[in-house]
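Q: Could you look at this predicted model? Sequence included:
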Amino acid sequence: MSILEAKHEAQKIAFAPLFFQAMVALKKLGILKLIAENNRGITIADIAEKSKISLYGAKVLLEAAASADVVEYLNDHTVKLTKIGYILHIDRITEVNMDFVNDVCYDGAKFLTESIQTGKPAGLKTLGSWPTVYEGLSQLPEEIKESWFAFDHHYSDDAFPAALEIVFKDNPAVIFDIGGNTGKWAFACCRYNPDVKLKIFDLPGQLAVAQQNAATLGLQDRIEFHTINVLDETQQLPAGADVIWMSQFLDCFSENEIVAILKNVYRAASEKTFIYILEPFIDNQKFDAANYCLTGTSLYFTAIANGNSKMYALDAMKQLAQDAGLQVIETIPLIGGGYHTILKCVKVQ
């Protein structure tokens, strides 16, 4: 790369927030959709008229889009989408990521430096006054909450069908779902096996949502709900699980906290209990885009979520499990959509 090319790339970083908001505007105003529907080209004047914005506004946004290779000019007055533009328009994972960054992360990202210095989620104050985002999830404004859960669920939902087959090979009768959130995994288990019983462990706000969802689905007789703050070492998990399941849960904590949580799991497990950790490990991805998204997610954890967690590497998580007294007996990589790996563990006797 020449120094001029490097300088160009550096300017992309310098202006990235403004270009990001320009792309958000193109989506919210329906302009990307409008251009996609006119794939042979549409004039800027038509875009302005049909989008009910000024010609000036259309020009500013489309010039930014052209600089970002989202549209291309066929002539001075006509544009069409590029491949990047079509991805921004129709790709679900891109939509989920953009909504999450815009609604959940954008305002708080400005406080990343402070978060790095203090180890606290300094940007969380843009959403609320909780110690971490997890205490406030149920209280977030509806649009922000919707974007948060869409982001969280999109990455895990694709993994569930394959994960269910793996977990139920051993025909568990009782599953503990640690950090069960809104109950999606528990409900999937109930659909997969008509006899299995589950216990969901989480903070009060998440449990309230899970209970409401279970009632809607008529699953109250098969699922128990237990309030727990896993960071409080005085709150111990009960015994009795055939399977202890943690899906995209441990990445919400620092390394020391993960070891403490897994030691709690160790104490609750019997010699016959299987412990499953489902995570998208940052160094175990098929595609560069996935690695990039996970790296960005670590920045969200730092600035917004809790100030001290990140997306982990595969070997790092294995070591943390070992430090807690667990043995990884099987590693099942890239299941479902190809993001996730399952670590199957037992307690070392």
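A: Yep, that arrived. Numbering: from 1, shown residues only.

Q: Strands along the stretch 201-349 of the chain, start to end?
A: Here the stretch 201-349 of the chain has its strands, by DSSP state E, counting those that start in this stretch, at 223-227, 243-247, 274-279, 326-335, 340-347.

Q: What are the buried residues along the third one?
A: The one in question is strand 274-279. By neighbour count on 16 or more other CB atoms under 10 Å, the buried set for strand 274-279 is 274, 275, 276, 277, 278, 279. All C-beta spots, glycine's among them, are computed from the backbone N, C-alpha and C.

Q: And for stretch 26-36?
A: Using 16+ other CB under 10 Å as the test for burial, stretch 26-36 gives 26, 27, 29, 31, 32, 34, 35, 36.

Q: Next up, identify which helix or strand the second one is on.
A: Secondary structure assigned from DSSP states H and E places residue 27 in helix 16-28.

Q: who touches that helix?
A: Outside of helix 16-28, the residues within contact range by CB atoms under 8 Å, 6 or more residues apart in numbering are 12, 31-32, 60-61, 64-65, 67-68, 70, 88-89, 95, 98, 101-102, 106.

Q: please redo it, this time with the cut-off set to 6 Å
A: Residues outside helix 16-28 that contact it (CB atoms under 6 Å, 6 or more residues apart in numbering): 32, 61, 64, 68, 102.

Q: By neighbours, which of those wins?
A: Among the contacts of helix 16-28, the one with the most neighbours (other CB atoms under 10 Å) is residue 61, at 24 neighbours.

Q: Show the model's pLDDT score for that residue.
A: pLDDT, residue 61: 98.

Q: got it, and residue 84?
A: 97.

Q: before we move on, what about residue 338?
A: Reported pLDDT for residue 338: 78.

Q: so where's the stretch 1-150 of the chain uncertain?
A: Across the stretch 1-150 of the chain, nothing is flagged by pLDDT under 70.

Q: show me where it has helices.
A: 3-14, 16-28, 31-37, 44-51, 55-67, 83-90, 92-100, 112-118, 133-136, 142-157 (DSSP state H, counting those that start in this stretch).

Q: which one of those lies closest to residue 198?
A: Closest approach to residue 198 among the helices of the stretch 1-150 of the chain (CB to CB): helix 142-157, 16.2 Å.

Q: now could you export just the CA positions of the closest one as PDB?
A: What follows is helix 142-157, C-alpha atoms only, in PDB (Å, rounded to 0.1, in the frame of the first residue of the first chain):
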ATOM      1  CA  GLU A 142     -38.900  -0.400  22.900                       C
ATOM      2  CA  GLU A 143     -37.000   0.400  19.700                       C
ATOM      3  CA  ILE A 144     -33.600   0.000  21.500                       C
ATOM      4  CA  LYS A 145     -34.700  -3.200  23.200                       C
ATOM      5  CA  GLU A 146     -35.900  -4.600  19.900                       C
ATOM      6  CA  SER A 147     -32.600  -3.900  18.300                       C
ATOM      7  CA  TRP A 148     -30.700  -5.400  21.200                       C
ATOM      8  CA  PHE A 149     -32.700  -8.600  21.200                       C
ATOM      9  CA  ALA A 150     -32.600  -8.900  17.400                       C
ATOM     10  CA  PHE A 151     -28.800  -8.700  17.600                       C
ATOM     11  CA  ASP A 152     -28.600 -11.200  20.400                       C
ATOM     12  CA  HIS A 153     -31.000 -13.700  19.000                       C
ATOM     13  CA  HIS A 154     -29.900 -13.500  15.300                       C
ATOM     14  CA  TYR A 155     -26.500 -15.000  16.100                       C
ATOM     15  CA  SER A 156     -27.800 -17.700  18.400                       C
ATOM     16  CA  ASP A 157     -31.000 -18.800  16.700                       C
END
